[in-house]
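Participant: Everything below, folded, please.
(3 chains)
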Amino acid sequence: MCEAILKVDQVVKRFGEVVALDHCSLEIEKGSITGLIGPNGAGKTTLFNLITGILQPDEGHIFFKGEEISRKKPYEIARMGIGRTYQIIRIFPKMTLLENLLVVGREKGKAGVEKAYELLHRVKLYEKKDDDASDLSFGQQKLLSLAQVLMLDSELILLDEPAAGINPTLQNELMELIHQLNEEGKTFVIVEHDMKVILNHCQKAIALNYGQKIAEGSCSVILKDETLLEHYFGR
Amino acid sequence: MGILSKKFLLLIGLVLLMAVLISIPFFATDYWMTLLVLILIYTVYASGWNLFSGLTGYTNFGLAWFIGVSGYVSSILIADYQWPWIFAWPMGALFISIVSIGVGYILLRIKGVYFAISMVALTEGTRELFGTGYLEPITHGGKGLPFVAGIPLSTLYWSILFLAFVTIFICYKITSSKFGLRLMAIREDEQAAETLGINTTKAKILAFTLSSFLVGLGGAIHCTYQNYIDPNYAFNIQLTLTPIVMTLFGGIGTVFGPVLGATLFTFIHEILWAELTLLYMAIFGGILMALILFFPQGLLGWMKERGILPKIRKI
Amino acid sequence: MTNFLETLIRGLMLGSLYALVGMGLTLVWGVVGIVNIAHGEFVMLGAYFAFWTFSLLHLNPLVSLVLSVPIFFLIGSILHKRMTERLTHAPELSALILTFGMSILIWNLAQFFWTNTYRSVSYLTGNFLFLGLTLAKSKTISFFLALGMTIALFTFLKYSKIGKGIRATSQNSEVALVCGIDTKKMRTLTFGIGIGLAGAAGVIVSLQWVIFPQMGGSYVSKAFAIVVLGGLGNVQGALIGGLIIGVLESLVTQYMSAKMAQILPSLIILIILLLKPTGLFKR
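Facilitator: Next comes the predicted model:
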């Protein structure tokens, strides 16, 4: 097995009486595209929130490149190299596309602008660089959101339902971009309900339920797992 | 005519405007001078409020707190300790900005309406505190300081003019800088900004403190100009509200909106106050409501939407 | 000891009124999402309503109380339809400034038309003597009126269909909408009910205190302290919060100074927001 870029170790998170994550442990391999699956309420988004520092775990540890990050602030974690997108897109609507990227970048002056232009070309939004982000379509906003993460030079990118709600053309474009970036060395974790996306694009999948990892393996194997299917479609 | 010459013309215009403004005490009457002093004071207040609230979206209902505390510190230094005004004013502003770092660190964790309410509570609490017997040896209690310093009107005018220039210049620089973008990102979505590597706490406190310094300096000059200070006067809610209305009127989140708002609104105030003294406040409230309902983007925002002005952050 | 007990009871009686104001504010805040800074001004208008109906029409304040609820409910609903509804999706700041403007407009108009003269409704005078305690008649009656209004509100929210709809909207507006609840209508009704409560509170206030145009400010600052104490949108929390603030105010006035009692709401707001911004009570 390759070296793990992210290690979640026995993490517990409670919301009052509800246990969202129950001694959850998992590892993400460097350079992989991993699918994170599980029914609603399984703890996927909570896990993302814990990794990015929006929430703090009640117990357990999270390591990124060997360094403990579970007590760090969100911006510190982001600067260490973890980027994420949200299920409900969260760009900065009343700022232009260019500003949306510049505000994130750590480069000063010209270098930042050039990098932003390059990324806008890459997500095919360069022509709209001076429009407000709120003028973009839903799918384009997802691309912009990914470009923001790239502006940060994140090594590990967490995507929360990247393919949901956008048209197939744009979806293909997005997934192709993810593969390109993966080849350039970036690691992805993707939460997705559309099993086709997981099957076609992820090398590996991890299934969560009741706040725990219940299965892990290659996508085709995991989708044949009967207990998992029961969890998914059981009731 | 290229872009360069357009810039050149703009520069000449600005220099001319400055020359006129600086030379005004040599020919204007006292009435116009006082009006101009008020416009400039409110320009500083409105721009200072806009610098923090307009960019970050955190509604600061505690402008009077900046003004009152700094006004008190500087007035006491001048009247009771015979400090020269040129040192007392910055001292008042420095005092409020140091207090603001602490207050900002604590209160800026509170979001939205709660932050607004806590700033009102802070202002009201401080006003009561300054009027109590506990602080009477320092603040002179409820009766305040009847006399601060007799400074010539022209000196006051040049001081506040200088401060207004500095304030506008700072706002101009910040709005078109990366720091300004960070503040706007906080307004748009603070949590997303944080997960994108922006230290939002630091940015907020910095903007809050800078705002308190500029507004505090304005407040110190204001109190010397009025030559009077007491708790109800220095912490008056009107001092918080008027600059907010001016900013909304001119265009929130823009550089020159607060300047335009302060200028126009001071004239409106002058007319309303003279003609309809008793109904003045009621009309003021009505204007506030109408602005929010029908004209939320303000004059400059409206002009930008209509294409009368270019849609850039520097205006 | 009698003195302490009397102070305590006075505090509870005061608190029941504050709670009435606070419950209206928190209900509107929680369901409509609007912080009505002008809430206190409606208390003032309610008090003037009682005063004018009493002095011009010689109406018994208890009748005015019954009348005030539908009248202020109507005013509130119309205001919401005409104004605040437009701001449902605007930034929080907008509604805050709008209602701030409304507050200034209302009390200054009141000052313009009715002048700054202190007025009062001299309807109940004298004291009750009860188990060795001396209790002002006006305050005792006010307490029971406020209590009655509170019980009516709770019953309404708990058992009526509209009340259930309002609670559902407050808890999760999107889910409520999916479940077939007309959330837009619920917001309008809630705004009306909030203003109705404020007006009724004003009528009750008029029985025991002087009436003047700026009186709303002190009620709204206490109501804010109550909402912060009880937690946003939490009506039960507001009731308890109101009683706590009433008792504290009564104790501080008795044993420290009236000036300190005035700082109390600001102090409570700051302390609670720093320690536990979500309020003290579970919803």
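
Participant: all helices of chain A, in order?
Facilitator: Secondary structure of chain A by DSSP state H: the helices cover A:44-51, A:74-80, A:97-102, A:109-122, A:138-151, A:168-183, A:195-201, A:219-224, A:226-233.

Participant: The stretch 51-200 of chain C too?
Facilitator: C:61-82, C:92-114, C:137-159, C:161-171, C:173-178, C:183-206 (DSSP state H, counting those that start in this stretch).

Participant: With respect to C:S257, which of the helices of chain A lies nearest?
Facilitator: helix A:74-80 (45.9 Å; Cβ to Cβ). All C-beta spots, glycine's among them, are computed from the backbone N, C-alpha and C.

Participant: If you count neighbours, what's buried in the closest one?
Facilitator: A:74-75, A:77-80 (16 or more other Cβ atoms under 10 Å in any protein chain shown).

Participant: Can you name the residues that contact A:V123?
Facilitator: A:143-144, A:146-147, A:177 (Cβ atoms under 8 Å, 6 or more residues apart in numbering or on different chains).

Participant: Mind telling me the two of these farthest from one another?
Facilitator: A:L144 and A:L177 (12.3 Å).

Participant: These two - which one has more neighbours?
Facilitator: More crowded of A:L144 and A:L177, by other Cβ atoms under 10 Å in any protein chain shown: A:L144, with 23 against 18.

Participant: Can you give me the distance of that one to A:A133?
Facilitator: To A:A133, A:L144 is 6 Å away according to Cβ to Cβ, to the nearest Å.

Participant: joint contacts of these two?
Facilitator: With Cβ under 8 Å, 6+ apart as the test, A:L144 and A:A133 both reach A:91, A:97, A:100.

Participant: Tell me how many other residues crowd the residue nearest to C:F143 when sequence neighbours are not counted.
Facilitator: Spatial nearest neighbour of C:F143, chain neighbours left out: C:M13 (4.1 Å); criterion: Cβ to Cβ, 6 or more residues apart in numbering or on different chains. Around C:M13 there are 25 other residues, counting by other Cβ under 10 Å.

Participant: now C:S122
Facilitator: Residues near C:S122, counting by other Cβ under 10 Å: 9.

Participant: now the one 10 residues further on
Facilitator: When counting by other Cβ under 10 Å, one arrives at 8 neighbours for C:G132.

Participant: Longest helix in chain C, please.
Facilitator: Assigned via DSSP H, chain C shows its longest helix as helix C:2-32.

Participant: buried set for it?
Facilitator: C:6-7, C:9-32.

Participant: Name the nearest residue to residue 215, ignoring sequence neighbours.
Facilitator: Using chain A. Nearest to A:A215 is A:A207, by Cβ to Cβ, 6+ apart, at 4.2 Å.

Participant: um, chain C though
Facilitator: C:M44 (5.0 Å).

Participant: Give me the mean pLDDT for stretch A:217-235.
Facilitator: The average pLDDT within stretch A:217-235 is 64.

Participant: Pull out whichever of the shared contacts of A:L144 and A:A133 are also neighbours of chain B.
Facilitator: Counting by Cβ under 8 Å from any Cβ of the partner chain, A:I91 from the shared contacts of A:L144 and A:A133 sit close to chain B.

Participant: quick one: which of the shared contacts of A:L144 and A:A133 is nearest to chain C?
Facilitator: A:I91 (16.8 Å; Cβ to the nearest Cβ).
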